[in-house]
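J.: What would the 3D arrangement of this be:
(chains A and B)
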Amino acid sequence: MPPITRITGRALPMRGNDIDTDRIIPARFLTSITFEGMEQHVFEDDRKSSAGPYNRHPFDVSQFQGARVLIVNANFGCGSSREHAPQALQRWGIQVIVGESFAEIFFGNSGIIGMPCVTAAAEDVATLMELAEREPATEFAVDLVAGTCRAGSLTVTIALPPKMLEAFTSGAWDTTGMLLDRFDDVRDTARRLPYTTAGRAV
Amino acid sequence: MIASKLKGFANQMGETLLKKVWDLHTVRQLPTGQTQLFIGLHLVHEVTSPQAFDTLRDNGWTVPFVDRTFATVDHIVPTRERARPFLDVMAEDMMASLERNVRDFGIRFVGLGDIRQGIVHVIGPELGLTQPGMTIACGDSHTSTHGAFGSVAFGIGTSQVRDVLASQCLALEPLKVRRIRVTGTLPKGVYAKDVILAIIQRLGVQGGNGYAYEYAGDAVDRMSMDERMTICNMSIEGGARVGYVNPDDTTVEYVRGRPFAPPPAEFERMATWWKSMASDVDARYDDDVEIKAADLTPIVTWGVNPGQSIGVDDTVPAPDGASDPKAITDALNYMGLTPGQPIEGMKVDVAFIGSCTNSRLSDLREAARIVKGRHVAKHVQGLVVPGSATIAKVAEEEGLADVFREAGFEWRAAGCSMCLGMNPDKLVGNQVCASSSNRNFKGRQGSPTGRTLLMSPAMVAAAAVAGEVTDVRELL
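T.: From the prediction side, this is the model:
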């Protein structure tokens, strides 16, 4: 896997706590057997109903098109475990998410597809959002190695669990590869379990 | 051989069930700092698996532990017209894809027409696949349900489904444990659903982030497995990916005799091991919370997340003075509610009894008790969707299906149905649905503007007959 160290680009602020994965990608788009085209439906219902800055949903604001850095508040991605949510965001063009906090399953689903979710203090997130809304052309630079997000004259601290950070920056975030790496250990673990699922039925 | 494997687990003291199960299944520490955890049972369904199987094919990988993998179909299945091909082309394609995948990779599968088919979190326990001390994974966030048996069960995304298919393992961060003790006796008309809604209301929708929830206390000890499943099911709605109850005699007796339970000759030894996996009395917790059962009332959600709830005799909150006033204003607007309005009396258009939270036999019995001799209000569409084909059959034999039909409910076949509207069962426009499901997110039940009020199945039954939100305690 390619190392992920630094992501630069414009930012898209998506305000609100507890934004759930049903909002990010409504269930009716999950009937596809591939993730292709998922980006076309990102926040689809939300975009029809809510108004953000510029009186439009942030994902419809022309100045935010092509943004690579998504800025969010607390508990982003709660609810359903559907990976379709981070897939839709990534395929739309988002490469990193900076937020106050993330729901656990979403955090893992994003990391495993190479879209890091990094945390920042609530006041820093607020400042970043205001800047992106005020000056949408501002270039943001999220530096995983330095642990910073820089934008204009701003520099804020971002955090990621240290070993996780190492995994991204070294390119060792291919979980399947790691999990298959010492398969004898896996078989040993299976053998020492006192249970099987065979039961009496077949 | 099993006896020797069981040795060594008896004398550990001061540990939680989570720690014991975690340690037993740890393969190694990964370079990422995560734990490589072996998954004892992988449950697969049609929606979150097709891309995972494709990756296996692309890489020439097999499923090395097919004996620990089990598939069914639940999310997209129609609950009325089930003839193939489905009318929905996408759903038919998805169904065919799962059938091809289980055939190609040699995975056990119960499909439509099989008496064992049903919602994955209902049939796992029903078939005896779900057992104490296991690690379980499924590409669905409500996998926490299986924790009711004292297993550690993870909801996962599609890339993780790929990982479990290919390696039977997950790369996971360790979890802290919060014990939630529910003490005392639940008042009449207050159910397990109200207990978990109260827990989420108190600890918040993100309070469980980074935690496993251990549900304990004498009220939980007295609960049936169905009730424990309802509570564990909604752990994720409180932000906790994992929720569990320590295994006890209730657990053991539930599992005994089920198709995939250990055979009689091994059963007692396994039961002893299961109980030894329970948290030790001197186990240390990262947090400890007490909920007093006697204080609880029937709960109804008024907003757009499962934490936005009130007692049925309470009034809808105002944004002023709240910690996140914008969120409250936004939710009130979406729901069409005004601050200070009583929730009782809110008109409902649809009543849905079903979902992995509340579609089990005991749920249907309780709801049937309410509707017996009464009738669904004229303007209400009532829908009962049993959690499995087996539950449907027993309910029909018991006469429950007739009670529902006579009361004007539609009696459907098993599936996830209107919990998430991935099949033809969807709300229309901004209909209000009294629902026994688990999520009241915007658009959750299939209509982008549909509105959901979460409550217990008995409360849904009461709302159906009254045509509005009603205190079920007055009907008991």
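J.: Could you pull up the residues touching the residue in the stretch 351-476 of chain B that chain A sits nearest to?
T.: Among all residues of the stretch 351-476 of chain B, B:Pro448 sits closest to chain A, at 3.7 Å; criterion: Cβ to the nearest Cβ. (Glycine included, C-beta is placed from N, CA and C.) Counting by Cβ atoms under 8 Å, 6 or more residues apart in numbering or on different chains, B:Pro448 touches A:Pro26, A:Glu44, A:Asp45, A:Lys48, A:Ser49, B:Lys442.
J.: On the pLDDT front, check residue 110 for me.
T.: You didn't pick a chain, so chain A it is. In the predicted model, A:Ser110 carries a pLDDT score of 97.
J.: look at chain B instead
T.: Residue-level pLDDT assigned to B:Val110 equals 97.
J.: separation between the closest residue to B:Met277 other than its chain neighbours and B:Gly238?
T.: Spatial nearest neighbour of B:Met277, excluding adjacent residues (Cβ to Cβ, 6 or more residues apart in numbering or on different chains): B:Gly133 at 4.3 Å. As defined by Cβ to Cβ, to the nearest Å, B:Gly133 lies at a distance of 24 Å from B:Gly238.
J.: can you give me the strands in chain A?
T.: A:6-9, A:11-14, A:69-72, A:96-99, A:117-119, A:140-143, A:148-151, A:154-157 (DSSP state E).
J.: can you tell which of those strands is closest to B:Leu337?
T.: When those are compared for distance to B:Leu337 using Cβ to Cβ, the nearest one is strand A:11-14, at 24.8 Å.
J.: Tell me how many other residues surround the residue nearest to B:Ala327 when sequence neighbours are not counted.
T.: Ranked by Cβ to Cβ, 6+ apart and with sequence neighbours excluded, the top spatial neighbour of B:Ala327 is A:Asn17, at 6.0 Å. Applying the criterion other Cβ atoms under 10 Å in any protein chain shown, we find 20 residues in the vicinity of A:Asn17.
J.: Contacts only, for A:Asn17.
T.: Taking Cβ under 8 Å, 6+ apart as the criterion, A:Asn17 is in contact with A:Asn73, A:Ala74, A:Asn75, A:Glu100, B:Asp324, B:Ala327.
J.: These: which two are farthest apart?
T.: Pairwise distances across the contacts of A:Asn17 peak at 13.5 Å for A:Glu100 and B:Ala327 (criterion: Cβ to Cβ).
J.: Please list all residues in contact with the nearest residue to A:Met115 once chain neighbours are set aside.
T.: Computed as Cβ to Cβ, 6+ apart, the closest residue to A:Met115 that is not its neighbour in sequence is A:Gln90, at 4.9 Å. With contacts taken as Cβ under 8 Å, 6+ apart, A:Gln90 has the following neighbours: A:Ser110, A:Ile113, A:Gly114, A:Met115.
J.: List just the nearest of these to A:Ile4.
T.: Nearest to A:Ile4 among the contacts of A:Gln90, with distances taken as Cβ to Cβ, is A:Gly114, at 6.1 Å.
J.: wait, doesn't the closest one sit right on A:Ile4?
T.: Yes - A contact is recorded between A:Gly114 and A:Ile4 when judged using Cβ atoms under 8 Å, the distance being 6.1 Å.
J.: Find residues that contact each of these two.
T.: Taking Cβ under 8 Å, 6+ apart as the contact definition, A:Gly114 and A:Ile4 share the neighbouring residues A:Phe168, A:Trp173.
J.: Of these two, which one has the most company?
T.: Each of A:Gly114 and A:Ile4 had its neighbours counted (other Cβ under 10 Å), and the higher figure belongs to A:Ile4 (21 against 17).
J.: Quick check: that one vs chain B, distance?
T.: With the distance defined as Cβ to the nearest Cβ, to the nearest Å, A:Ile4 ends up 13 Å from chain B.
J.: Model confidence for that residue, exactly?
T.: Per-residue confidence for A:Ile4 comes out at a pLDDT of 96.
J.: ok, it - contacts?
T.: Residues in contact with A:Ile4 (Cβ under 8 Å, 6+ apart) are A:Gly114, A:Pro116, A:Leu144, A:Phe168, A:Thr169, A:Gly171, A:Trp173.
J.: Please apply the same query to B:Glu396.
T.: Remark: with contacts taken as Cβ under 8 Å, 6+ apart, B:Glu396 is in contact with B:Asp402.
J.: Could the C-alpha coordinates of the helix or strand where it lies be exported in CSV?
T.: For B:Glu396, the host element (DSSP states H and E) is helix B:389-398. Extracted C-alpha coordinates of helix B:389-398, given in CSV (Å, rounded to 0.1, in the frame of the first residue of the first chain):
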residue,chain,number,x,y,z
ALA,B,389,-39.4,-18.1,9.4
THR,B,390,-39.3,-20.3,12.5
ILE,B,391,-40.8,-17.5,14.7
ALA,B,392,-43.4,-16.9,12.0
LYS,B,393,-44.4,-20.6,12.0
VAL,B,394,-44.6,-20.8,15.8
ALA,B,395,-46.6,-17.6,15.9
GLU,B,396,-49.0,-18.9,13.4
GLU,B,397,-49.4,-22.2,15.3
GLU,B,398,-50.0,-20.3,18.6
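J.: can you list the residues that contact the next helix or strand after it?
T.: The element immediately downstream of helix B:389-398 (helix or strand, assigned by DSSP H and E) is helix B:400-406. Under the criterion Cβ under 8 Å, 6+ apart, residues B:Leu364, B:Arg365, B:Ala367, B:Ala368, B:Val371, B:Lys372, B:Gly382, B:Val384, B:Ala392, B:Ala395, B:Glu396, B:Trp411 lie in contact with helix B:400-406.
J.: With only the CA atoms kept, save stretch B:30-40 in CSV.
T.: Below are the C-alpha coordinates for stretch B:30-40, written out as CSV (Å, rounded to 0.1, in the frame of the first residue of the first chain):
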residue,chain,number,x,y,z
LEU,B,30,0.1,-6.4,15.0
PRO,B,31,2.7,-3.8,13.9
THR,B,32,-0.2,-1.2,13.9
GLY,B,33,-0.6,-1.7,17.6
GLN,B,34,-3.9,-3.4,17.1
THR,B,35,-4.7,-6.9,18.2
GLN,B,36,-5.1,-9.7,15.7
LEU,B,37,-8.3,-11.3,17.0
PHE,B,38,-9.6,-14.7,15.8
ILE,B,39,-13.3,-14.7,15.0
GLY,B,40,-15.1,-17.8,16.1
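J.: any residue of it up close to chain A?
T.: Yes - in terms of Cβ under 8 Å from any Cβ of the partner chain, part of stretch B:30-40 sits within range of chain A, namely B:Leu30, B:Pro31, B:Thr32, B:Gly33, B:Gln34, B:Gln36, B:Phe38, B:Gly40.
J.: Number of residues surrounding the closest residue to the last one other than its chain neighbours?
T.: Distances taken as Cβ to Cβ, 6+ apart put B:Met134 closest to B:Gly40, at 4.1 Å, once the chain neighbours are dropped. Around B:Met134 there are 25 other residues, counting by other Cβ under 10 Å.
J.: Does B:Met134 touch B:Ser151 like I think?
T.: Yes - applying Cβ under 8 Å, one finds B:Met134 in contact with B:Ser151, separated by 4.1 Å.
J.: which SSE is the spatially most central residue of chain B in?
T.: Among the residues of chain B, the one closest to the centroid is B:Asn233, at 3.2 Å (Cα atoms, centre = their mean). Here B:Asn233 sits within helix B:225-233, counting by DSSP H and E.
J.: Name the next helix or strand downstream of that helix, please.
T.: For helix B:225-233, the succeeding helix or strand toward the C-terminus, using DSSP H and E, is strand B:242-244.
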